[in-house]
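Visitor: structure for the following, please:
(2 chains)
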Number of protein chains: 2
Amino acid sequence: MTTYTAINLIKRPQAGPISAELFEVIQKEIPTAGPGEILIKQNHMSLDPAMFGWMSPDRESYIPPVELGSVMRSSGIGEVVESNHPDFQVGDRVMGLIGWTEYAISNGTGMNKVEAPLPDEAVLSIFALPGLTATQGLFNVGKPKQGETLIVTGAAGSVGSLVGQLAKADGLNVIGVVGTDEKADWIINELGFDGAINYKSNNLAEQLAKLAPKGIDLYFENTGGPIQNLIFERMNAHGRVVVCGMIADYSKAVPSPGPNWIPVIKKRLTIQGFTMPDHFAEVPSLLAKLTPYVMSGKIKHRSHILEGLESAIEGLNLFFTGENKGKLIVKL
Amino acid sequence: MTTYTAINLIKRPQAGPISAELFEVIQKEIPTAGPGEILIKQNHMSLDPAMFGWMSPDRESYIPPVELGSVMRSSGIGEVVESNHPDFQVGDRVMGLIGWTEYAISNGTGMNKVEAPLPDEAVLSIFALPGLTATQGLFNVGKPKQGETLIVTGAAGSVGSLVGQLAKADGLNVIGVVGTDEKADWIINELGFDGAINYKSNNLAEQLAKLAPKGIDLYFENTGGPIQNLIFERMNAHGRVVVCGMIADYSKAVPSPGPNWIPVIKKRLTIQGFTMPDHFAEVPSLLAKLTPYVMSGKIKHRSHILEGLESAIEGLNLFFTGENKGKLIVKL
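Guide: Below you'll find the model as predicted:
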């Protein structure tokens, strides 16, 4: 085989589901590594909600959007198959922003060798963007304290499942909000959450009151959606809201309104957003914080594997429907 | 005269304006100071938006509500007319939570002598709750930086007028939101704000864009109301929102919704509420921060004086209508 497949972004998304028209699937000649370069054959690539930001033209966003006509951005793990770079050998396993492509040329910038004895799926599910995001958001923004009550939305998702397990390991009472009963079972029985709420069920306020009788101290928001107001009403004085994702609103033409700010005063709340690109310099300390939890066996994960590069396009819509079970990963 | 007037709170407020039925005006015998006590004759008392919180039964609020049947809470300045307390002499000028009453007995707790050579109105307008609130909210919560753009709502009010002047003195570009053209003139021509917007005028988004062409870094919220969303849309990356008051929503049965949180992520915003009772221990350091600005002549104020204790009841509604011009003070 002398050609490979790549996918370019050619249109910006509008409201509604992601359609195939936004992308162009192309075949190209496999290139040769030039001086100082490596050729990477990608094996697994990660799909993340952050991609909706990367596709959008919003100049005020936290990272420049993908240029139209360029390969769609994504992180992944591959193998070095040619190297003219002193730091990389053929056979090295590397992780970085490889993009939606089977092969990529790199000068090594932003490519990190993966030496942990873990399969690609585990590395992408725990030590890549999800784990960094969960660690930064929970510990550095949310400042959890033993005995507090934490609620996390998207609790069976790649970030939410880690947030809940990390908080549980630190002695918090942990409630997860999910979209199916199967996910509710999983986060309670496999991940050890104290409680779960299916946001599609009834009597959400009553369920919240039962699971958080002393109120909520820390609210880790991955989704938005109608349960947001109910959670917000149960916040305790000096509560913190960590705003990490709003997946329920990304595809809407007009996002839903948020809660009124009177409780922000009465309860002296802090609502704080963050994104990882601001914190890439802190990755070593974040990994140092996260690793002991993983190594002591306190962090479980599951991956939802899609087959083939082109499955990425339709795969993005699983974030909107919530039909994914675990971290979305494309196997090439 | 051997009797005096006091006003008790006898009902909790509902949605809508404050009515006289919430209060009971009573006549009592002027008491005599017992052992360790002082008798205070109040001269000026302060009306503050915080009173709506003090009247409300919400247990999650930051300070216990006034008990029904008790004298309504307020801060004020009076003169010691009898003293059996070693720290106070007849003739001393004292400030504290004297309440809606012409005379009060105190054991001295929470009463501070006022020695500054300033009239009561100036002390209540600058060094009492408004100045402490402005100083805490602007400097300790908002963390202003020279060259940034600040917008403050309720900009002609007791807190907002101080916030804007303090920020201006520190080299920020300062925009105030007010409810009349007269107030707009005052904050620009007397207080030195860089710009003003009358929220009752048209083309608010265009006015904002013109006054804050580089966006808004710091948003000091005293009012809420429909302009909130427009301001929020113009926030810059890493912007801070200090939530101090929501007067436009306090009297509504159902408060208006707030902004969607997608910009909280994209722009990594922090929205933080605060109230002064959490920070009473810091009052000395707040006064130390505030005093040099006042002494160097950078802080102007104006008072709106109401005559007689009973004027306080209807006076509270001036916060909702915005018809007050300056700090509301009742002269006894």
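
Visitor: ok, the residue in chain A sticking out farthest from the centre to A:Ser83 distance?
Guide: Each residue of chain A has a distance to the centre, and by CA atoms, centre = their mean the biggest one is for A:Pro35: 34.7 Å. Using CB to CB, to the nearest Å, one gets 11 Å for the distance from A:Pro35 to A:Ser83. The way it works is simple: take the backbone N, C-alpha and C, and place the C-beta from them, glycine included.

Visitor: equivalent analysis for A:Ala281, please.
Guide: Counting by CB to CB, the separation of A:Ala281 from A:Ser83 is 27 Å.

Visitor: look at these two and report which has more neighbours.
Guide: A:Ser83 (19 against 7; other CB atoms under 10 Å in any protein chain shown).

Visitor: and that one, what does it touch?
Guide: Under the criterion of CB atoms under 8 Å, 6 or more residues apart in numbering or on different chains, the contact partners of A:Ser83 comprise A:Ala33, A:Ile38, A:Leu39, A:Gln89, A:Val90, A:Asp92.

Visitor: what's across from it in the sheet?
Guide: With DSSP bridges applied, A:Ser83 shows beta-bridge pairing to A:Ile38.

Visitor: distance of it relative to chain B?
Guide: Separation of A:Ser83 from chain B (CB to the nearest CB, to the nearest Å) stands at 37 Å.

Visitor: ok, A:Gly53 to A:Pro277 distance?
Guide: For A:Gly53 relative to A:Pro277 (CB to CB), the value is 10 Å.

Visitor: looking at the two, which is more packed in?
Guide: Counting neighbours by other CB under 10 Å for A:Gly53 and for A:Pro277 shows that A:Gly53 has the greater number, 20 against 13.

Visitor: dihedrals phi and psi, the more buried one?
Guide: For A:Gly53, the backbone dihedrals are phi -70, psi -40 (criterion: degrees, to the nearest 10).

Visitor: and what of A:Asp185?
Guide: Backbone geometry at A:Asp185, expressed as degrees, to the nearest 10, gives phi -60, psi -50.

Visitor: state the pLDDT value of it.
Guide: Predicted confidence (pLDDT) at A:Asp185: the value is 97.

Visitor: what's the answer for A:Arg59, then?
Guide: 54.

Visitor: likewise for A:Leu97?
Guide: Predicted confidence (pLDDT) at A:Leu97: the value is 92.

Visitor: looking at the stretch 101-250 of chain A, what residue ends up closest to chain B?
Guide: Of all residues in the stretch 101-250 of chain A, A:Val243 sits closest to chain B, at 4.4 Å by CB to the nearest CB.

Visitor: in which helix or strand does A:Gly110 reside?
Guide: Here A:Gly110 is covered by no helix or strand, with elements defined by DSSP states H and E.

Visitor: I should have written A:Ile105 there, sorry.
Guide: strand A:103-106.

Visitor: tell me what that strand is packed against?
Guide: For strand A:103-106, the elements it packs on are strand A:38-46, judged by 3 or more CB pairs under 8 Å, 6 or more residues apart in numbering or on different chains; DSSP states H and E.

Visitor: what mean pLDDT does the strand it packs on get?
Guide: Across strand A:38-46, pLDDT averages out at 97.

Visitor: tell me which residues in it are buried?
Guide: Across strand A:38-46, burial judged by 16 or more other CB atoms under 10 Å in any protein chain shown covers A:Ile38, A:Leu39, A:Ile40, A:Lys41, A:Gln42, A:Asn43, A:His44, A:Met45, A:Ser46.

Visitor: if we can go back for a sec, what sits against the residue farthest from the centre of chain A?
Guide: Taking CB under 8 Å, 6+ apart as the criterion, A:Pro35 is in contact with A:Asn84.

Visitor: do you know the pLDDT at it?
Guide: pLDDT recorded at A:Pro35 is 96.

Visitor: you'd agree it is in a helix?
Guide: No. Judged by DSSP: H, G, I helix; E, B strand; the rest coil, A:Pro35 forms no part of a helix; its state is coil.

Visitor: ok so, going back, in a markdown table: the contacts of A:Ser83, plus distance to A:Gly273.
Guide: Supplementary listing: these in a markdown table, determined by distance: CB to CB, whole Å:
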| residue | distance to A:Gly273 |
| --- | --- |
| A:Ala33 | 40 |
| A:Ile38 | 36 |
| A:Leu39 | 38 |
| A:Gln89 | 41 |
| A:Val90 | 42 |
| A:Asp92 | 36 |
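
Visitor: which SSE is A:Gly160 in?
Guide: For A:Gly160, the host element (DSSP H and E) is helix A:158-169.

Visitor: that older thread, run through the bridge partners of the residue of the stretch 101-250 of chain A closest to chain B.
Guide: The residues listed as beta-bridge partners of A:Val243 by DSSP bridges are A:Glu221, A:Gly273.

Visitor: in this structure A:Gly142 contacts A:Arg240, no?
Guide: Yes. Under the criterion of CB atoms under 8 Å, A:Gly142 makes contact with A:Arg240 at 5.4 Å.

Visitor: okay, the two: which has more neighbours?
Guide: The residue with more neighbours, out of A:Gly142 and A:Arg240 and counting by other CB under 10 Å, is A:Gly142; that gives 26 against 22.

Visitor: pull the contacting residues for the more buried one.
Guide: Here A:Gly142 is in contact with A:Leu150, A:Leu218, A:Phe220, A:Arg240, A:Val242 (criterion: CB under 8 Å, 6+ apart).

Visitor: and if you look at A:Thr3?
Guide: A:Thr3 makes contact with A:Gln27, A:Lys28, A:Glu29, A:Ile30 under the criterion CB under 8 Å, 6+ apart.

Visitor: now the second one: phi and psi?
Guide: Torsion angles at A:Lys28 (phi, psi; degrees, to the nearest 10) stand at phi -140, psi 160.

Visitor: hmm, the residue of the stretch 101-250 of chain A closest to chain B is touching B:Pro263, no?
Guide: No. In this structure, A:Val243 sits apart from B:Pro263 without contact. The criterion is CB under 8 Å, and the distance is 9.6 Å.

Visitor: what sits in contact with each of the two?
Guide: For the pair A:Val243 and B:Pro263, residues contacting each of them under the criterion CB under 8 Å, 6+ apart are A:Gly273.

Visitor: when those two are compared, which one has more neighbours?
Guide: Comparing A:Val243 with B:Pro263 by other CB under 10 Å, the one with more neighbours is A:Val243, at 27 against 24.

Visitor: gap between the more buried one and B:Glu24?
Guide: 46 Å.

Visitor: please enumerate the strands of the stretch 201-332 of chain A.
Guide: Shown for the stretch 201-332 of chain A, the strands assigned by DSSP state E, counting those that start in this stretch span residues A:216-221, A:235-243, A:270-273, A:303-307, A:327-331.

Visitor: so which of the ones you listed is the most surrounded?
Guide: Per-stretch averages of neighbours, counted by mean count of other CB atoms under 10 Å in any protein chain shown, single out strand A:216-221 among those, with a mean of 26.

Visitor: avg pLDDT for it?
Guide: For strand A:216-221, the mean pLDDT works out to 98.

Visitor: that strand: how far from the chain's middle?
Guide: Relative to the chain's own centre, strand A:216-221 is displaced by 18 Å; criterion: CA atoms, centre = their mean, to the nearest Å.
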